[in-house]
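Asks: Next one to model:
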Amino acid sequence: MLRSIILITLLISSVCALHWEMHKEESNGNEIEEGSGDIQTEQLPGMCWACKWAMKKLKRRLSNGATAEEIKKKLSMVCDEIGFLKSLCRKFVNKYMDTLVEELSTTDDARTICANIGICKKKAWRN
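Replies: Numbers count the residues shown, from 1 in each chain. Sure, this is the predicted structure:
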């Protein structure tokens, strides 16, 4: 019972924090639509995670020789499965549709795809 209460409390506080961040972004101007570059998109809370989540799902579902139309169709459906980030995911997919189709046609992994379009920070190469 105590464990359930703790989990529910954590879930509620996470949702509230995300809602507050999204509300703060809206009051400052929605940067995913109006931003002049990819750097601002990277700063949106949860975008890197959401991008990697969606790209991993899509990479698993796409065959090696998938056409651009097949990729677009799957891209438009993937956001339905993400839960409360659905609207943010759809804006992201619509904004980067052509780039995502190109990136998903490569052998790059989800993290690389999201870094290439500027949603996630690129990892420094270590020697």
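Asks: how many other residues sit next to the nearest residue to Glu81 once chain neighbours are set aside?
Replies: Taking Cβ to Cβ, 6 or more residues apart in numbering, and ignoring the residues beside it in sequence, Glu81 has Lys57 as its nearest neighbour in space, at 7.2 Å. Just so you know, the C-beta spots here come from the backbone N, C-alpha and C atoms, and that holds for glycine as well. Counted with other Cβ atoms under 10 Å, residues neighbouring Lys57 total 16.
Asks: how close does Lys57 get to Leu2?
Replies: Relative to Leu2, Lys57 is positioned 34 Å away (Cβ to Cβ, to the nearest Å).
Asks: do the same with Cys114
Replies: Cys114 sits at a distance of 37 Å from Leu2 (criterion: Cβ to Cβ).
Asks: I'd guessed Ala68 sits against Leu100; true?
Replies: No: contact status for Ala68 versus Leu100: not in contact, 10.5 Å apart, counting by Cβ atoms under 8 Å.
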